[in-house]
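> Model the following, please.
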Amino acid sequence: MKADAIPNIPRIQKGDNIGQIIADAVLHSHVPLKKGDILCVASKVISTAEGREVALSDMTAGEVAKRIHKEVPRKDPRVIQKMIDVTGDPSGRRLEVSHNYIGAWLPNGMRLTSAGIDKIDDDSIMLLPEDADKSAKEIGETIQRMCNVTVGVVVTDSDGRIEKKGATQIAIGLYGVPALRKSETIDSKTGEVKQSFETFCDLLAASAALIMGQRGTNRPVVKISGVSYQFNANSGIRDSLSRSPK
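Numbers count the residues shown, from 1 in each chain. Model prediction:
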């Protein structure tokens, strides 16, 4: 496996076509893009292009958000309110609050730290893409049209765990790439064939994170080559989730 950043990606602005920008960077930089390569794209550049920035001045924290803020005072109560809004449950029951940590169960069945909301500055926050699978598909189809090559696309986002410091990258949207990878082993004693599954999309996202780095590095798109998989245009992040959408 080989992972490389796609060079010459400009700073993304609201209204930009991410697929076209990636395709232009590939063509103008003479980056070799082959059938079956996988493009991992940071969710925040997609969110920026989709206009998912929200001004905190436009928000008011409710009583539930204020109560949670007392447990996690480092979080602006207006940001907590937006987390509640994103879960679709005004009671706040779809938030997990413990030890200075807030996790959120999203309507699609995924759990993310802070509901995937990033604070840009003291005045604004960035939400996740509206539909990360759809965004991934649009990018993949644009690459196909402009570069004449079929690639998989993984939309990645940073996520933390309550028991660990720091964060990693996970997949939140897919196109073409299977969510899971099945492996089979034979028990040496019984001869029984045992199946196990890896969250293939998250392994790709974490690998890309080593190249992407953190915010400000301007390496939001990483090409992964040399990984075998069966392309499936109908794949989606739902295939990796054990919890049903609500």
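
> Now do the helices in the chain.
For the chain, the helices defined by DSSP state H cover 18-29, 43-49, 63-71, 77-87, 132-147, 200-212.

> For the most centrally placed residue in the chain, give its distance to residue 72.
Here the mean C-alpha position of the chain is nearest to the C-alpha of residue 156 (CA atoms, centre = their mean), at a distance of 2.9 Å. According to CB to CB, to the nearest Å, residue 156 stands 25 Å off from residue 72. To be clear about C-beta, it is placed using only N, CA and C from the backbone, and glycine gets the same treatment.

> How about residue 96?
11 Å.

> And the two? Which one has more around it.
Each of residue 96 and residue 72 has its neighbours counted (other CB atoms under 10 Å); residue 72 has more, 17 against 13.

> Show the contacting residues for that one.
80, 97, 100, 101, 102 (CB atoms under 8 Å, 6 or more residues apart in numbering).

> For the third one, which non-adjacent residue is closest in space?
Setting aside the residues directly before and after it, residue 100 is nearest to residue 72 in space (CB to CB, 6 or more residues apart in numbering), at 5.6 Å.

> now the first one
Using CB to CB, 6+ apart and skipping residues adjacent in sequence, the residue nearest residue 80 is residue 65, 4.2 Å away.

> burial of that neighbour, as a residue count?
When neighbours are defined as other CB under 10 Å, residue 65 has 24 of them.

> Would you map out the domains in this structure?
Residue ranges for the domains of the chain, per automatic domain parsing: 2-52+128-240, 54-126.

> Return the distance of the longest one from the chain's centre.
This points to domain 2-52+128-240. Per CA atoms, centre = their mean, to the nearest Å, the displacement of domain 2-52+128-240 from the mean C-alpha position of its chain is 8 Å.

> And that domain, end to end?
Counting by CA to CA, to the nearest Å, you get 24 Å between the two ends of domain 2-52+128-240.

> quick one: average confidence on that domain?
With pLDDT averaged residue by residue, domain 2-52+128-240 scores 92.

> now do stretch 98-112
Averaging pLDDT along stretch 98-112 yields 93.

> Please point out which parts of it sit buried.
101, 102, 103, 104, 105, 106, 108, 110, 111, 112 (16 or more other CB atoms under 10 Å).

> right, and the pair among the residues you listed with maximum separation?
Across the buried residues of stretch 98-112, the longest distance by CB to CB is 20.9 Å; it joins 101 and 108.

> Let me see the contact set for residue 166.
residue 160.

> do you know how far it is from residue 3?
From residue 166 over to residue 3 (counting by CB to CB), the distance is 20 Å.

> before we move on, what about residue 196?
Separation of residue 196 from residue 3 (CB to CB): 24 Å.

> Those two: which has the busier surroundings?
For residue 196 versus residue 3, the count of surrounding residues by other CB under 10 Å is larger for residue 3: 19 against 9.

> Fine by me, we can end here.
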